[in-house]
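**Q** here is a sequence together with a model predicted from it:
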Amino acid sequence: MRKITESAHHASFELGGLTVVALLDGHLDLPPSRLLDEDGRAALVDGRLRLSVNAFLVDDGERRVLVDTGASNSWGPTMGRLPESMAAAGADRESITDVAITHAHLDHLNGLIAPDGSDAFPALERVFIGSGDEGRLSGDLARFRDRAVIVTGPLPVTPWMTALPARGHTPGHTVYDVHSGASHLLIWGDTVHVPSVQFEHPEVAWELDADRELARAERAALLERLVAPGYFVAGAHLDWPGIGRVVRDGSGYALVTDLG
Ligand SMILES: [Zn+2]
C-alpha cells in the first residue's frame, strides 16, 4: 500500500488495483475520563482527547463503497465536513450506491442525512450494518431500513471487500477487510478508539464500549492479525489520515504511518 496524495481533508492510497481515499469529517474532543484505568498516558489537547473522525472510500474504477458517513449535523460543529471532503477529492456523492457502516454511533451513521434533511447519497441502494445495530435505523434514519443489508457473519460486500462482525464496541460493530492480491486493508471502525494509548496498551478499555470484555478480545485478536505481512489498517479515530501498518512494540503494538 502506498500514499498517492495527501491534503488536510482527503488523502488517497493505492492498495493493489484499488484506490482508497481517506476523507475527514472533522474531530471530536472528549474527556480523558472516558478511558478506563488510564493514568495520564493519553495525548491531550487543552485537557481533552482530540480524536479525528475519518471515513474511507474504496474504488476499483467501476464500483465504490463508502465506509462510514461522518456525523453530518447530528453532534457538533467540529464534524460534518464529509461532503466537502468528498467534493475536494473528486468523489461525487451522487455516485455512491453502497455504504458500509462499522457501527451505529452518530459519527459513523448520521452522515446518511445531509444537514438540510435530504439524502446525502441520493443513489444509495445498500447500507451494510451489523446485526444488533440496525435498530438505530429509526426516526429520520428509518427511510434507509428497506436498503439495509444486515451483517450476521462474514459477508462479501464486493469481490474485494468482506464484512466481518467484530462485536464489543456496539452489538453490531463490523469491520471491513479490503483485499487486492496479497494486500489487505482492515477498515476497523472503533476497534482502537484512542490511538495514543490503545496500541501500546490494548487492554485499556473505552467507557463507551458496550461490552468491554468483548471489545478488548476483538482488539487483541485484530491487532494480532494485523502484524502479518501485507496487512494495513484504517481507523475512524486514528490520527488523520487514519491509515497505517501495525507492528509489535514491546508488550504491545505501534502504528507506523510512513508506508514507504
Ligand atoms: Zn466513533
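**A** Happy to help now that I have it.

**Q** so where do the helices sit in the stretch 151-260 of the chain?
**A** Listed in chain order, the helices of the stretch 151-260 of the chain (DSSP state H, counting those that start in this stretch) span residues 195-198, 212-226.

**Q** name the helices or strands packed onto the last one?
**A** If I follow you right, that is helix 212-226. Counting by 3 or more C-beta pairs under 8 Å, 6 or more residues apart in numbering; DSSP states H and E, the packing neighbours recorded for helix 212-226 are strand 183-187, strand 231-234, strand 243-249. Where you see a C-beta, it was placed from the backbone N, CA and C, and this is true even at glycine.

**Q** again, only this time at 7 Å
**A** Of the remaining helices and strands, none touches helix 212-226 by 3 or more C-beta pairs under 7 Å, 6 or more residues apart in numbering; DSSP states H and E.

**Q** among the helices of the stretch 151-260 of the chain, show the one with the smallest mean pLDDT.
**A** Here the lowest mean pLDDT among the helices of the stretch 151-260 of the chain goes to helix 195-198, at a mean of 93.

**Q** report whether that helix contacts the ion.
**A** No. Against the ion, helix 195-198 shows no contacts by C-beta under 5 Å from the ion, the least distance being 12.5 Å.

**Q** send me that helix as PDB with only the CA atoms.
**A** Provided in PDB are the C-alpha atoms of helix 195-198 (Å, rounded to 0.1, in the frame of the first residue of the first chain):
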ATOM      1  CA  PRO A 195      -4.600   5.700  19.300                       C
ATOM      2  CA  SER A 196      -2.200   7.500  21.700                       C
ATOM      3  CA  VAL A 197      -2.900   4.800  24.300                       C
ATOM      4  CA  GLN A 198      -4.600   1.700  23.000                       C
END
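
**Q** coming back round to it: just say which of the helices of the stretch 151-260 of the chain is most tucked in.
**A** Stretch with highest mean neighbour count among these: helix 195-198 (a mean of 21; mean count of other C-beta atoms under 10 Å).

**Q** any idea of the pLDDT on the residue of the stretch 151-260 of the chain found nearest the ion?
**A** Per C-beta to the ion, residue 190 is where the stretch 151-260 of the chain lies closest to the ion, at 4.5 Å. What the model reports as pLDDT for residue 190 is 97.

**Q** residues in contact with it?
**A** By C-beta atoms under 7 Å, 6 or more residues apart in numbering, the contact list for residue 190 reads 102-103, 169, 173, 236-237.

**Q** ok, which stretches of the stretch 1-150 of the chain are strands?
**A** Secondary structure of the stretch 1-150 of the chain by DSSP state E, counting those that start in this stretch: the strands cover 2-6, 10-15, 18-30, 49-59, 64-67, 98-100, 126-130, 148-151.

**Q** figure out which of those is closest to residue 210.
**A** Evaluated over these, closeness to residue 210 peaks at strand 126-130, with 11.7 Å, by C-beta to C-beta.

**Q** so for the closest one, what gets flagged as buried?
**A** Neighbour counts over strand 126-130 (16 or more other C-beta atoms under 10 Å) mark 127-130 as buried.

**Q** measure the residue nearest to residue 122 when sequence neighbours are not counted to residue 83 for me?
**A** Counting by C-beta to C-beta, 6 or more residues apart in numbering, residue 94 is the residue found nearest to residue 122 once chain neighbours are left out, at 5.8 Å. Counting by C-beta to C-beta, to the nearest Å, the gap between residue 94 and residue 83 amounts to 11 Å.
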